[in-house]
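Asks: fold the following.
(one chain, ligands or ions: 1)
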Amino acid sequence: MILGQAGPAVQCDFHHLGQVPTSSAKLVHQLGQVPTSSTKLVHQLGQVPTSSTKLVHQLGQVPTSSAKLVHQFSQVPTSSTKLVHQLGQVPTSSTKLVHQLGQVPTSSTKLVHQLGQVPTSSTKLVHQLGQVPTSSTKLVHQLGQLSKTYGSVVTIWLANTPVVIISGYKALKETMVGLGDEFSGRAIYPLLMKATYGYGVLSTSGHRWKEMRKFSLATMKNFGMGRRSIEERVKEEAENLVEMLKKSEGSAFNPADMLLNAVGNVICSIVFGHRFEFEDPQFKSLLRTVNTYFAILSSPLGQIYNIFPRLVSLFPGKHHQLFKDLEEAREYCKREAQARMNILDPSSPQDFIEAFLLKMNEEKDNPDTEFHFDNLVSLVWNLFSAGTETTSSTIRYALLLMMKHPDVQERVQREIDEVIGQDRWPSIEDRQNLPYTDAVIHEVQRCMDIAPIAVPHKMMCDTKYNGYVIPKGVMVFPLLSSVLIDPNLWKNPNCFDPENFLDADGRFQKNDAFVVFGMGKRACLGEALARIELFIFFTSLLQHFTFKAMVPPEELDTTSINCSFGRMPRTYECYAISKK
Ligand code: HEM
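Replies: Here you go, the predicted model:
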């Protein structure tokens, strides 16, 4: 049987639906806050603009009425037109609302059929109808609840799109690892495509993805490029960062930019073979583009763009500047590559781009080769964008947790003092002698849960799992979060506790449930680099400074802010008090 609109998952979930409405009236009743105006409807549809005016404002233009909005949308595809009609009409009763959301169902069965699988609460239903949850935290929580109720394989509908949620360690291992090829596709998001045009590694599938991934992993391996190891490149940036922080001279500062610069420079050193001064206009422009990219990905604008790209493209707004900046970043990568074309030394590529160009040369007579400029430029963008925000935000979160838990910070510093001292810089070999510090870094990552649904996958072929056939092309969310907080897998899953990674003798204890980098064939390509960066940056910072917040620890907010694919720490200001 096939999982999908009329498949067993529908029946299966329907079977479980304890509170399925028995009539449309009851459904509307369940919606709880039936909107009495288009404003409320828009709100319920998930986007949080408080009115259609605000929605349009977010898109970049302020129409004076919903009529004008409809007019502005008049040359767009039918589905968008339908949305605009929905946004523009004011339902005066619950019946009308149901009518606007689709067709008035005559029975609960028909309704369930129309909506796909209806979860048990009104909020979830509205999310399903409107796509775009109001916050990723909320969505992830709701997905977790759904899995608790319906099991480790659940289908939800985001607008018209079925999405299969896989949760729990066992199911994730069986699918992402056991059926690795089948689950290895990448779901397509218009904003991701806008940056890479279907090339590179992060948003590709099949043969192209395999070729790009194999090459990237081999090239990024430690000691893989030139004479300098990746660790050396990271150490250089850590030392620069420490020098820079010393200049803050005890005044409060926001560490976000400095950390982003340091981590960004590691990638630049690997990819372009050189670092940038922090004030370099080209560097600033690249980092600004990554920053805006993530900000827009996480915003209502980005979420609407991912559903109605053609529609949103008709509106002026921040996204157009981003698209220009992305083009500029691609042009820069091309210039960097072209500048190397004639000076390549086949025996000793100095950076990632040179290694790729040599491979291009090697394959120049292969008409089907994936080694060409389009893949190179998108690959460089993938590494740069995936490798900067993630690592720098994790270090930022680590410092926040150290301020929240000064006792933990003190114990880490004591361990560093005993093992490394103050006279040399930390290196990766120190890790095995710093079990507590290692446990703290792992626990920071577990608590941060930076990518609760990884980066959405796509089925490569019809695949049988757990009694269902999941059809080719269906989007899959691997709910990594469900593993990171499973009480059966962690001593203390619900709060920050380095003991989660320590045995009774205080030795570092590995745990297979540490899945922050994903699982299986699509797991993070930069994991090895990220682990080196987190260790070297964190230990170097705590070797030299004690971090203190501007408010007492108990007032520090360590909850994350929303981001479409991930969780990010809140911005904060702090003091870095020199230890010497
Ligand atoms: C704390 C740091 C990081 C975390 C927690 C992290 C986490 C992740 C996760 C969860 C995925 C998706 C896995 C999936 O789809 O199942 C991913 C993919 C990816 N990451 Fe990372 N990442 C980090 C750092 C990095 C760095 C430093 C780089 C680059 C050098 C990088 C490059 C990538 C790429 C290219 C992919 C896509 C792989 C593919 O599609 O095959 N990441 N990462």
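Asks: backbone dihedrals for the residue of the stretch 151-300 of the chain at minimum distance from the ligand, please?
Replies: Closest approach between the stretch 151-300 of the chain and the ligand, counting by CB to the nearest ligand atom: residue 202, at 4.2 Å. C-beta: built from backbone N, CA, C; applies to glycine. The phi/psi pair for residue 202 (degrees, to the nearest 10) reads phi -70, psi -40.
Asks: which residues touch it?
Replies: Taking CB atoms under 8 Å, 6 or more residues apart in numbering as the criterion, residue 202 is in contact with 186, 192, 196, 382, 386, 455.
Asks: repeat that for residue 470.
Replies: By CB under 8 Å, 6+ apart, the contact set of residue 470 is 3, 164, 459, 462-464, 476.
Asks: same check on residue 339?
Replies: Residue 339 neighbours (CB under 8 Å, 6+ apart): none.
Asks: tell me the mean pLDDT for the host helix or strand of it?
Replies: Following DSSP states H and E, one finds residue 339 within helix 318-340. Here the mean pLDDT over helix 318-340 is 92, rounded to a whole number.
Asks: now do stretch 553-568
Replies: Mean per-residue pLDDT for stretch 553-568: 82.
Asks: show me how far that stretch is from its chain's centre.
Replies: The chain centroid and the centroid of stretch 553-568 are separated by 14 Å, computed with CA atoms, centre = their mean, to the nearest Å.
Asks: just the CA atoms of that stretch, as CSV, please.
Replies: Listed in CSV are the C-alpha atoms of stretch 553-568, where the atom choice follows Å, rounded to 0.1, in the frame of the first residue of the first chain:
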residue,chain,number,x,y,z
PRO,A,553,23.0,34.2,35.6
GLU,A,554,19.5,33.4,36.6
GLU,A,555,18.2,36.2,34.4
LEU,A,556,20.0,34.9,31.3
ASP,A,557,17.7,33.6,28.6
THR,A,558,19.1,30.5,27.1
THR,A,559,16.1,29.6,25.0
SER,A,560,16.6,29.7,21.3
ILE,A,561,15.1,32.0,18.7
ASN,A,562,13.3,30.8,15.6
CYS,A,563,14.9,29.8,12.4
SER,A,564,13.3,27.8,9.7
PHE,A,565,15.9,25.0,9.6
GLY,A,566,17.5,25.5,12.9
ARG,A,567,17.6,27.0,16.3
MET,A,568,19.9,30.0,17.0
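Asks: got the residues of the stretch 251-400 of the chain near the ligand?
Replies: Within the stretch 251-400 of the chain, the positions lying close to the ligand (CB under 6 Å from any ligand atom) are 382-383, 386-387, 390-391, 394.
Asks: repeat for the chain
Replies: Counting by CB under 6 Å from any ligand atom, the chain comes close to the ligand at 186, 201-202, 213, 382-383, 386-387, 390-391, 394, 450-451, 454-455, 478, 516-518, 522-526, 529-530.
Asks: mark which of these are buried, thanks.
Replies: For these, a neighbour count by 16 or more other CB atoms under 10 Å gives the buried set as 186, 201-202, 213, 382-383, 386-387, 390-391, 394, 450-451, 454-455, 478, 516-518, 522-526, 529-530.
Asks: which of those residues fall in helices?
Replies: By the criterion of DSSP state H, membership of these in helices covers 213, 382-383, 386-387, 390-391, 394, 529-530.
Asks: check the burial of residue 471 by counting its neighbours.
Replies: The burial metric for residue 471, expressed as a neighbour count using other CB atoms under 10 Å, is 16.
Asks: then residue 495?
Replies: Residue 495 is surrounded by 9 other residues when neighbours are defined as other CB under 10 Å.
Asks: who's in contact with it?
Replies: Counting by CB under 8 Å, 6+ apart, residue 495 touches residue 447.
Asks: walk me through the domains of this structure.
Replies: The domain map for the chain lists 8-187, 206-449+485-578, with the assignment taken from automatic domain parsing.
Asks: point me to the residue of the chain nearest the ligand.
Replies: The chain approaches the ligand most closely through residue 526 (2.1 Å), counting by CB to the nearest ligand atom.
Asks: now that residue. Nearest residue, chain neighbours left out?
Replies: residue 387 (5.0 Å; CB to CB, 6 or more residues apart in numbering).
Asks: check contacts around the one you found.
Replies: When contacts are taken as CB under 8 Å, 6+ apart, residue 387 is in contact with 263, 266-267, 526, 529-530.
Asks: report how many residues lie close to the residue lying closest to residue 509 once chain neighbours are set aside.
Replies: Leaving aside its sequence neighbours, residue 509 sits nearest to residue 503 (CB to CB, 6+ apart; 4.5 Å). Residues within reach of residue 503, counting by other CB under 10 Å, total 12.
Asks: now do residue 415
Replies: Neighbouring residues of residue 415 were enumerated by other CB under 10 Å; the total is 20.
Asks: give me the element it is part of.
Replies: Secondary-structure assignment from DSSP H and E places residue 415 in helix 406-419.
Asks: and that helix, what's buried?
Replies: For helix 406-419, by 16+ other CB under 10 Å, it's 408-409, 412-413, 415-416, 419.
Asks: could you identify the most distant pair in the contacts of residue 470?
Replies: The largest separation in the contacts of residue 470, counting by CB to CB, is between 464 and 476 at 14.3 Å.
Asks: of these two, who's got more company?
Replies: Neighbour comparison, residue 464 and residue 476: the larger count goes to residue 476, with 24 against 12 (by other CB under 10 Å).
Asks: how about the contacts made by the residue of the chain closest to the ligand?
Replies: 220, 383, 386-387, 390.
Asks: separation between it and residue 514?
Replies: Distance check for residue 526 against residue 514: by CB to CB, to the nearest Å, it reads 16 Å.
Asks: what do you get for residue 204?
Replies: In this view, residue 204 and residue 514 are 27 Å apart by CB to CB.
Asks: neighbour count winner among those two?
Replies: Between residue 204 and residue 514, counting by other CB under 10 Å, residue 204 is the more crowded of the two (25 against 17).
Asks: contact partners for the more buried one?
Replies: 186, 196, 198, 212.
Asks: make CSV out of those residues and add pLDDT.
Replies: Listed next are the contacts of residue 204 as CSV, based on pLDDT from 0 to 100:
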residue, pLDDT
186, 96
196, 94
198, 95
212, 98
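Asks: from those residues, which is closest to residue 316?
Replies: Taking CB to CB as the measure, residue 316 lies nearest residue 196 of the contacts of residue 204, at 23.9 Å.
Asks: which residues touch the closest one?
Replies: Counting by CB under 8 Å, 6+ apart, residue 196 makes contact with 202-204, 378, 381-382.
Asks: per-residue confidence at the residue nearest to residue 509?
Replies: 97.
Asks: could you list the low-pLDDT ranges of this protein?
Replies: Within the chain, the stretches falling below the threshold (pLDDT under 70) are 1-138, 222-228, 562-565.
Asks: make it 50
Replies: Judged against pLDDT under 50, the low-scoring parts of the chain cover residues 1-135.
Asks: rebuild the domains of the chain as a markdown table, extending it with distance to residue 471.
Replies: Supplementary listing: the domains of the chain in a markdown table, determined by distance: least, CB to CB, whole Å:
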| stretch | distance to residue 471 |
| --- | --- |
| domain 8-187 | 9 |
| domain 206-449+485-578 | 17 |
